[in-house]
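# based on what follows, work out the 3D shape:
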Amino acid sequence: MPGMTIVEKIFARNSGQERVKPGDIVVVDVDLAVMLDMSFLATERRNILKVHDPDKIAVVFDHMVPAADKRSAEAHAYGRDFVRRFGIKRFHDVGPAQGISHAVVADRAYALPGTVLVCSDSHTCASGAFNCAARGVGAPDLLAAVTSGKTWFRVGETIRYELSGGLRSGVSAKDLFLHLAGTWGHHTNQNVEFGGPALPWIGIDARRTLAAMGAELSAEFATFEPDDRLIDYVRERNPAPFGPQYPDADARYAERRDVNLDHIRPLVALPDAVIRNSVPVAEVAGVPIQQAFIGSCANGTLDDLAEAARVVKGRKIATGVRFLVTPATQEVFNAALRWGYVATLMEAGAVVTPATCGACFGGHMGVLGPGETCITASTRNFKGRMGDPSARIYMGSAATVAASAVAGHIATASEITGDAD
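Just a heads-up that it's a prediction; the model follows:
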């Protein structure tokens with residue numbers, strides 16, 4: 001019989017089976033269930049009578065922080081009461097430990113290699129960067145995981161991406177995602193697995209971006225093969241034992257696809273979709289913008305802030321453009337302060353906000369008005385995603401967004417910095 005992929009091996013390990021295969025329904029132990037402030041909005045979600053294991057739960061306020069209205073403030077109050085009642089230790093309230101849930105999980109290495117993690121947010125697959133089977137689930141399934149310690153999945157087929165070469169200067173994991181989405185389209189009911197000889201040179205932040213954007217491919221899971229860089233990162237942040245899972249040499253994949261990173265160039269997704277909707281930045285250069293945004297679980301990383309600061313250093317944001325930058329966690333914010341990135345961004349005219357999902361999902365701190373055009377380094381560009389449905393949302397890398405903020409229209413970073421693409 002053929003061997004197993006990474007996700008299949010994690011499922012087998014967490015379900016007590018010797019092996020699983022595509023098409024199987026598996027009931028697995030959940031190593032971590034992550035609850036958000038949004039988890040406490042509905043009344044039926046507040047009346048939880050028991051939890052399976054408080055040490056396997058994390059509560060992270062991220063969507064509406066600081067509280068944007070009376071309803072979100074009320075949800076926060078219920079969430080704090082839940083944490084007190086059940087003795088939840090991993091609690092990230094508004095304050096220095098605040099952040100977007102998937103980024104908090106990354107900063108603290110809560111997602112251990114070889115484990116299963118669930119959360120109600122669709123971009124939970126971001127934790128697949130850590131060799132973790134992580135997926136967003138519906139509210140009933142999240143409550144079941146919190147109270148029983150288990151959940152279920154249907155095992156899907158896996159697409160393997162074999163990465164080689166290296167990304168050029170000014171080209172990022174977001175450009176790589178846009179290449180995958182533009183070339184191969186959706187991955188509905190499929191898992192995505194990343195590995196290959198380029199892996200040791202792909203940073204943790206870049207892996208997180210690529211894994212988070214697996215949700216926009218409609219992938220079930222997006223996982224990375226473990227390597228020394230990943231294992232060292234986790235061990236430096238979390239003393240808990242873990243068992244990284246590697247694909248079997250004879251693992252069966254629906255398809256293996258080779259991607260040479262040397263060939264990736266800056267791309268942008270046109271408004272309203274990312275699937276088969278990517279074009280070179282130069283094709284839309286000159287489109288006027290009113291807002292530029294960098295943030296979210298996918299692109300609020302320290303690497304993104306560093307790249308944005310590099311592009312705008314010594315320059316000014318164009319008149320009439322709002323340039324909003326949201327670090328993914330307060331830890332990232334503090335690191336960006338220490339490295340001088342925040343000062344550089346603000347001197348250029350950017351507004352740097354506290355860590356939150358805010359503008360990304362059109363909740364607060366950057367909602368778009370009628371007829372406005374935004375270029376965003378976040379997770380989605382669907383119609384109405386960031387505000388008024390008549391607004392147009394282009395999606396690109398942090399470098400492309402920063403360059404566009406300076407130019408006042410969509411632009412390549414090389415147009416601003418003079419570097420070669």
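# use CA for all of it now, contacts and neighbours both
Will do.
# where does residue 144 land in three-state SS?
Using DSSP: H, G, I helix; E, B strand; the rest coil, the structure places residue 144 in helix.
# and the pLDDT for it?
pLDDT for residue 144: 94.
# for burial, what's the neighbour tally of it?
Look at residue 144: counted by other Cα atoms under 10 Å, it has 16 neighbours.
# how near is residue 52 to residue 175?
Between residue 52 and residue 175 the computed distance is 41 Å (Cα to Cα, to the nearest Å).
# cool, residue 97 as well?
Look at residue 97 and residue 175: by Cα to Cα, they are 30 Å apart.
# okay, these two: which has more neighbours?
Neighbour count, other Cα under 10 Å: between residue 97 and residue 175, residue 175 has more, with 26 against 15.
# show me what the biggest strand by length in the chain is packed up against.
Assignment by DSSP state E gives strand 157-164 as the longest strand of the chain. The helices and strands touching strand 157-164, judged by 3 or more Cα pairs under 8 Å, 6 or more residues apart in numbering; DSSP states H and E, are strand 190-195, strand 255-260.
# winner for burial among these?
Sort the helices and strands packed on strand 157-164 by mean neighbour count, taking mean count of other Cα atoms under 10 Å, and strand 190-195 sits at the top with a mean of 23.
# what lines up beside that one in the sheet?
Here strand 190-195 is paired, per DSSP bridges, with strand 157-164 (parallel), strand 222-224 (parallel).
# any idea which of the ones you listed is most buried?
strand 222-224 (a mean of 32).
# tell me the mean pLDDT over that one?
The model assigns strand 222-224 a mean pLDDT of 98.
# same question, stretch 98-107
For stretch 98-107, mean pLDDT is 97.
# got a list of contacts for that stretch?
Residues outside stretch 98-107 that contact it (Cα atoms under 8 Å, 6 or more residues apart in numbering): 34, 36, 60-63, 92, 111, 123-124, 126-127, 237, 296-297, 328-331, 355-357.
# recalculate using a threshold of 7 Å.
With contact meaning Cα atoms under 7 Å, 6 or more residues apart in numbering, stretch 98-107 is reached by 60, 62, 92, 111, 124, 126-127, 297, 328-330, 355-357.
# output those residues as a markdown table; include the columns secondary structure.
Putting those into a markdown table (three-state DSSP) gives the following:
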| residue | secondary structure |
| --- | --- |
| 60 | strand |
| 62 | coil |
| 92 | strand |
| 111 | coil |
| 124 | helix |
| 126 | helix |
| 127 | helix |
| 297 | helix |
| 328 | coil |
| 329 | strand |
| 330 | helix |
| 355 | coil |
| 356 | coil |
| 357 | coil |
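# for ChimeraX, what selects the buried ones among these?
Buried subset of these, written as a ChimeraX selection, criterion 16 or more other Cα atoms under 10 Å:
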select :60,62,92,111,124,126,127,297,328,329,330,355,356,357
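# show me which of the contacts of stretch 98-107 is closest to residue 141.
The shortest approach to residue 141 among the contacts of stretch 98-107 belongs to residue 124, at 13.9 Å (Cα to Cα).
# contacts only, for the closest one.
Applying Cα under 7 Å, 6+ apart, one finds that residue 124 lies in contact with 102, 118, 134, 135, 136, 212.
# if I look at it, how far off is residue 104?
12 Å.
# what's around residue 154, how many residues?
Residue 154, neighbours per other Cα under 10 Å, totals 14.
# so what's it bridging to?
Beta-bridge partners for residue 154, by DSSP bridges, are residue 25.
# that one reaches residue 24, doesn't it?
Yes - with contact defined as Cα atoms under 7 Å, residue 154 reaches residue 24; the gap is 5.8 Å.
# before we move on, the earlier item: any chance of the strands paired with strand 190-195 in JSON lines, plus distance to residue 391?
Shown next, in JSON lines, are the strands paired with strand 190-195 (distance: least, Cα to Cα, whole Å):
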{"stretch": "strand 157-164", "distance to residue 391": "34"}
{"stretch": "strand 222-224", "distance to residue 391": "30"}
